[in-house]
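Q: Sequence first, predicted coordinates after that:
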Amino acid sequence: MSQDMMRGHLDGLVLAVLTTGPSHGYGLIDALRDRSGGAFDLPEGSVYPALHRLERAGLVASGWSEVAGRRRRVYSLTAAGRRSAEERRSEWRSFSAAVERVFGGGEAGGAAVGTTGTTGTTGAVGAVGA
Amino acid sequence: MRRLGAARRVGGVRQADAAQQADDVRQADTARQVGGPTPYRSIEAYADDLAWRLRVGLRGRRRIVSEVSAHLADLVAEEESAGQTPQAAARRATARFGAPEELAGEFNRDCALHSARIAAWALVACVIASVGAAGLALRGGAPAAPWPNQAVYYAVPALLAQVAAMCAGTAFLLAVIAPWLLGRTPRTLATVVRAQTVAVLALAPIAVVSAGNIAHAGWTEGAMSALVALAVPVAMVFSVRAGLRAGTVAGGASTLDVIVDCCAALAERWSWSARWYGLVTGTWAAAVERMPRLMSWLEMRRHPWRSAVTISAAAGIVLKLPDLVFKADVDLPAAAVEALAAFLGYCLFSALLGLRTREPSDAVGVEGLAVGPA
């Protein structure tokens, strides 16, 4: 996946990971990689500007704590962050469903042209898809 | 002999350090030339390099470096448990973490934007206070013998507050309103910093005049003058900090494009704004279709100078319209002066505020992201 595309959604993804519970940067990037099946393989440092940005926006709170014998800064969602994560999730779902319909429509159009010889808009989409 | 031996050993260690440093620099240069990640022999070297590049204030830098060092320590432990030597583990860990210049760049950009937002709020507050003080003075709150003299006391706030309002308003639109409406930050940091600089320069003489008249004025006017005299230096500090953190940011999106995007985003928020947006854009499109030549005089992105002349003339008429309606006073010279002032304002500040770009209205880039051609 393109890193630019990934970066554009990083804030939302970080919020989504934090909905499962507080985490430090290392754990967060690990969870991100695991939950994406290895598709999101960003430079690990890129999660920190996102975390600081979200904290500044009041969506995330943080504090130092000892985790497994190491001093780490642990991030957790605020109430506003939880709301924002939910909003982003529903926005993303409607957006991805629309994209899916467009891409899926292209394939369906192509199939329609191939099988029934339909002309008009569907045919045009099929031609573009082909 | 012992001393000589120790000196030789120290010298040998120094030579080895120097050789290692030179080797590091060579490796880093080679890596940069081939476009690969810069190798670091230790977490400390990486953290030092990152700290040197950060422009986020002392406390922010300390926090970032601690967090990054803790994360790198985890990565090194992970690499070592996978069988890497300490040096190889550090190299691999720092490569996985990403280039410090990119990381620092993102932190710096976010921090500069945050500072610019604070400065924008402060400047807007100063402008409101300045306009309030000028209004009170005009409504009889002025001291009997203003400092330094009558003309300066009235002219400086009246003229410079307009400039400050225009620049602070633009900075506020770009740094506060646009990110709120669009849900992303337009790539206009350079314009924001320029606008804030001019706003501060315009507000500084107002603050001086206000400070000089605190004691002579009545209680309300004196309090307002004191507010202006105190708030402007604070806003100045915030603006300078934002400017320093922004560094040498150049270019960016056009303010006109941001305004267009904001209008579209506003239309999506509420049904009444959608109706207004539809009405305005529909009317505009119909007018362009019917009178293409005439309407081209208002196309700011295609014909900036033509549209500036038209809008300035309209502004001159509109500003004097209340006199015409309520007092039946047709003051044509005053309307001409207002129009000239508006045009002069455009000539002086349009390029600075990103209002005179002839770029097409494609997507507004997002700060920190490459959207469309750079």
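A: It's in. Numbering: from 1, shown residues only, chains lettered A, B, ... in the order given.
Q: hang on, B:Ser69 packs against B:Asp48?
A: No. In this structure, B:Ser69 is not within contact of B:Asp48 by Cβ atoms under 8 Å, at 10.3 Å. Yep, even glycine has a C-beta here, placed from its N, CA and C like the rest.
Q: of the two, who's got more company?
A: B:Ser69 (17 against 14; other Cβ atoms under 10 Å in any protein chain shown).
Q: what separates the residue in chain A that chain B sits nearest to from B:Ala313, distance-wise?
A: The nearest approach of chain A to chain B comes at A:Pro43, 2.8 Å away (Cβ to the nearest Cβ). Going from A:Pro43 to B:Ala313 by Cβ to Cβ, to the nearest Å gives 55 Å.
Q: same check, this time on A:Val74
A: Relative to B:Ala313, A:Val74 is positioned 61 Å away (Cβ to Cβ).
Q: B:Leu58 now?
A: Distance of B:Leu58 to B:Ala313, computed by Cβ to Cβ: 53 Å.
Q: Between these two, tell me which one has more neighbours.
A: Just comparing B:Leu58 and B:Ala313: by other Cβ under 10 Å the higher neighbour count belongs to B:Ala313, 17 against 8.
Q: how about the more buried one, what does it touch?
A: B:Ala339 (Cβ atoms under 8 Å, 6 or more residues apart in numbering or on different chains).
Q: Let's verify it: helix, strand, or coil?
A: At B:Ala313 the chain is in helix, as set by DSSP: H, G, I helix; E, B strand; the rest coil.
Q: Do you know the pLDDT at it?
A: Looking at B:Ala313, its pLDDT is 91.
Q: go on, B:Leu369?
A: pLDDT, B:Leu369: 38.
Q: Show me the domain layout of chain B.
A: Listed by automatic domain parsing, the domain ranges of chain B are B:1-35, B:37-98, B:111-245, B:256-349.
Q: what about the nearest residue to B:Trp147 once chain neighbours are set aside, distance to B:Pro233?
A: Nearest residue to B:Trp147, sequence neighbours excluded (Cβ to Cβ, 6 or more residues apart in numbering or on different chains): B:Gly212, at 3.8 Å. Distance from B:Gly212 to B:Pro233, counting by Cβ to Cβ: 15 Å.
Q: B:Ser210 too?
A: From B:Ser210 across to B:Pro233, the span is 11 Å (Cβ to Cβ).
Q: between those two, which one's more packed in?
A: B:Ser210 (31 against 15).
Q: give me every residue that touches B:Phe142.
A: Just so we're on the same page, residue B:142 is Ala rather than Phe. Counting by Cβ under 8 Å, 6+ apart, B:Ala142 makes contact with B:Tyr153, B:Tyr154, B:Ala217, B:Glu221.
Q: can I assume the third one is in contact with B:Ser225?
A: It stands for B:Ala217. Yes. Proximity of B:Ala217 to B:Ser225 meets the contact threshold set by Cβ under 8 Å, at 5.9 Å.
Q: Closest one to chain A out of the contacts of B:Ala142, please.
A: Nearest to chain A, judged by Cβ to the nearest Cβ, of those is B:Glu221 at 38.0 Å.
Q: Enumerate every residue touching the closest residue to B:Asp49 other than its chain neighbours.
A: Spatially, and ignoring its direct neighbours in sequence, B:Asp49 is nearest to B:Pro100 (4.7 Å; Cβ to Cβ, 6+ apart). Neighbouring residues of B:Pro100 by Cβ under 8 Å, 6+ apart: B:Thr38, B:Tyr46, B:Asp49, B:Leu50, B:Arg53.
Q: rerun that using 10 Å as the cut-off
A: Shown in contact with B:Pro100 (Cβ atoms under 10 Å, 6 or more residues apart in numbering or on different chains): A:45, B:37-38, B:40, B:45-54, B:68, B:94.
Q: Least confident of those?
A: Lowest confidence among the contacts of B:Pro100: B:Pro37, with 57.
Q: Tell me which of the domains of chain B is the most buried.
A: domain B:111-245 (a mean of 20; mean count of other Cβ atoms under 10 Å in any protein chain shown).
Q: average pLDDT for that one?
A: The average pLDDT for domain B:111-245 rounds to 92.
Q: And for stretch B:342-352?
A: Here stretch B:342-352 scores 91 as its mean pLDDT.
Q: what's the answer for stretch A:9-28, then?
A: In this model, stretch A:9-28 carries a mean pLDDT of 92.
Q: Tell me the buried residues in it?
A: A:10-18, A:22-28 (16 or more other Cβ atoms under 10 Å in any protein chain shown).
Q: Please apply the same query to stretch A:76-87.
A: In stretch A:76-87, counting by 16+ other Cβ under 10 Å, buried: A:Leu77, A:Thr78, A:Gly81, A:Ser84, A:Ala85.
Q: ok, so of those residues, who is nearest B:Val127?
A: Nearest to B:Val127 out of those is A:Ser84 (Cβ to Cβ; 31.4 Å).
Q: Any idea which residue of the stretch 51-200 of chain B lies closest to chain A?
A: B:Gly98 (2.8 Å).
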